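A.B. asks: all I have is the shape, not the residue letters:
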């Protein structure tokens, strides 16, 4: 499978990003229960994106190990991530709404528009892959989108640390 090194790298980066969120939590005083409004939502979205990228990267590797043909492997993988994206996006939107209520610097409309555009493009591409293309790059693109979302939440968590007043 030509995407094996990419998927393995995504697994490593996803685990590292989730692990660094623990460091951010400790550095930000969150270990003493001093969570800023919105940070719980950000860490939730960070972990969701990281874990989704890791789990979905394992899916084609597992299917390949089970001897599933490459065409079927990509069809199953694309169908799985399309369903996940369609089901998880409403929860993510609710979470960002909660974050924006607590943090006025969050641009809710920008997030909603970009999320819906990415959802339509990504899910549409996955459906097209299931029924027509049967290749790996649309699936890898969707998994990378999950990881990019996690990185964005990681960067926002770091920003909240830097913006905290000195104790």
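C.D. replies: Received the coordinates, thanks. Predicted model only: the values in this text are computed from it and were never measured.

A.B. asks: for the protein, longest helix please?
C.D. replies: helix 70-102 (DSSP state H).

A.B. asks: how about the helices of this structure, start to end?
C.D. replies: Counting by DSSP H, the helices of the chain are 4-27, 39-65, 70-102, 108-128, 137-163.

A.B. asks: which other helices and strands contact the second one?
C.D. replies: When contacts are defined as 3 or more CB pairs under 8 Å, 6 or more residues apart in numbering; DSSP states H and E, helix 39-65 packs onto helix 4-27, helix 70-102, helix 137-163. No exception for glycine: its C-beta is placed from N, CA and C like everyone else's.

A.B. asks: list the buried residues for the first one?
C.D. replies: By that I understand helix 4-27. 6, 7, 10, 11, 13, 14, 17, 18, 21, 24, 25 (16 or more other CB atoms under 10 Å).

A.B. asks: list the contacts of it.
C.D. replies: Helix 4-27 is contacted from outside by 30-31, 43, 46-47, 50-51, 53-54, 57-58, 60-61, 64, 140, 143-144, 147, 150-151, 154, 157-158, 161, using CB atoms under 8 Å, 6 or more residues apart in numbering.

A.B. asks: drop anything exposed from these.
C.D. replies: 30, 43, 46-47, 50-51, 53-54, 57, 60-61, 64, 140, 143, 147, 150, 154, 157.

A.B. asks: could you dump the buried residues of helix 4-27 into JSON lines with pLDDT and distance to residue 136 added?
C.D. replies: What follows is the buried residues of helix 4-27, written out as JSON lines (pLDDT from 0 to 100; distance: CB to CB, whole Å):
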{"residue": "6", "pLDDT": "94", "distance to residue 136": "9"}
{"residue": "7", "pLDDT": "94", "distance to residue 136": "9"}
{"residue": "10", "pLDDT": "94", "distance to residue 136": "12"}
{"residue": "11", "pLDDT": "93", "distance to residue 136": "15"}
{"residue": "13", "pLDDT": "93", "distance to residue 136": "18"}
{"residue": "14", "pLDDT": "91", "distance to residue 136": "18"}
{"residue": "17", "pLDDT": "87", "distance to residue 136": "22"}
{"residue": "18", "pLDDT": "86", "distance to residue 136": "24"}
{"residue": "21", "pLDDT": "78", "distance to residue 136": "28"}
{"residue": "24", "pLDDT": "71", "distance to residue 136": "32"}
{"residue": "25", "pLDDT": "68", "distance to residue 136": "35"}
